[in-house]
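**Q** Just to be clear, the model below is a prediction. Sequence and coordinates:
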Amino acid sequence: METHLFRCLSDNYGVLVHDPDSGETASIDVPEEAAVRKALADTGWTLTHIFITHHHADHIGGLAALKGPDVTVIGPRKDEARIPGLDILVHEGDSVVFGGERVMVFETPGHTSGHVTYWMPESGLVFAGDTLFAMGCGRLFEGTPADMWASLSKIAALPPQTKVFCGHEYTLSNARFAVTADPTNAALKARLAEVEKKTAAGIPTVPTTVGEELATNPFVRANTPEVAAAMGMPGASPEKVLAEVRARKDSF
């Protein structure tokens, strides 16, 4: 599978996934029509599928305009009422064939109640929407810390080399907060320095990998003694630690 990452709206990422053998091309979410159409023009690919992670407007804003008779739209069953135009409804344990490869579906609530994540095991790609960010996670608009911990744990269990595509360029802000939540983490300090250089140079910080997040993301590391201690909560459950990390990030 080939991928093409592009910026849209103020800080969103879009990504096209293309199978050169079949010619099928998917857009993972559609934040805005113009940006997706430009990405298609830049690559010369023809849109055949849209995979929606959740119902927020900055992820489905281009859906009505981009959907056509030759475009299949896949999205969360639990958000059917909030996302018009879904052709295939998916939930936990489902899979969809795209470009001859099976795309696995995880329900990953927390940011929203119906959020799903798409994993392509053969290609080693996971599309996490607004559940997992580089060194961060989504705000808990419709879910609990326990929901988010369970969702992050599903992604964290994937092979460490899996490339993670997320929905926003929040990495520098996330990294600056992360070092306050995991202050003894040398790998995290090194990653912050790397992100500062990339951001200054206008280089995308996405995709990340599952392994990088296991090593440096304080939300994914809410089950570690180091993050629990930094939160002043030694011995607390990961869910409680994550709740405290999220509360601090919300006011950072």
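**A** Noted; the coordinates are in hand.

**Q** quick check, H4 in a strand?
**A** Yes. Checked against DSSP: H, G, I helix; E, B strand; the rest coil, H4 lies within a strand.

**Q** Which pLDDT value goes with it?
**A** On pLDDT, H4 comes in at 98.

**Q** Repeat that for Y13.
**A** Confidence score, pLDDT, at Y13: 95.

**Q** what packs against whichever helix or strand it is part of?
**A** With secondary structure defined by DSSP states H and E, Y13 is part of strand 12-18. For strand 12-18, the packing partners by 3 or more CB pairs under 8 Å, 6 or more residues apart in numbering; DSSP states H and E come out as strand 2-8, strand 25-28, helix 33-43, strand 163-166. In short, each C-beta sits where N, CA and C put it, glycine included.

**Q** Taking their axis directions, it and strand 2-8 sit at what angle?
**A** For strand 12-18 against strand 2-8, the angle by axes from the mean of the first three to the mean of the last three CA atoms, to 10 degrees is 160 degrees.

**Q** Give me the below-cutoff pLDDT ranges for the protein.
**A** Within the chain, no range satisfies pLDDT under 70.

**Q** And the helices in it, which stretches?
**A** With DSSP state H as the criterion, the chain has helices at 33-43, 57-60, 63-66, 145-156, 171-181, 186-200, 210-216, 225-230, 238-250.

**Q** between the longest one and helix 171-181, what angle do the directions make?
**A** Between helix 186-200 and helix 171-181, the angle formed by their directions is 160 degrees, by the same axes, to 10 degrees.

**Q** returning to what we had before: redo the helices of the chain as TSV? Include distance to Y118 and mean neighbour count.
**A** Output for the helices of the chain, formatted as TSV (distance: least, CB to CB, whole Å; neighbours: other CB atoms under 10 Å):
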stretch	distance to Y118	mean neighbour count
helix 33-43	17	16
helix 57-60	13	19
helix 63-66	16	17
helix 145-156	11	21
helix 171-181	21	20
helix 186-200	25	15
helix 210-216	14	21
helix 225-230	28	19
helix 238-250	23	20
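
**Q** In TSV, list those along with distance to V90.
**A** Below are the helices of the chain laid out as TSV (distance: least, CB to CB, whole Å):
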stretch	distance to V90
helix 33-43	21
helix 57-60	15
helix 63-66	16
helix 145-156	15
helix 171-181	28
helix 186-200	33
helix 210-216	21
helix 225-230	32
helix 238-250	26
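
**Q** Of those, which is nearest E92?
**A** Among the helices of the chain, helix 145-156 comes nearest to E92, with 9.2 Å by CB to CB.

**Q** what's that closest one packed up against?
**A** Using 3+ CB pairs under 8 Å, 6+ apart: helix 145-156 touches strand 101-107, strand 116-120, strand 132-133, helix 210-216, helix 238-250.
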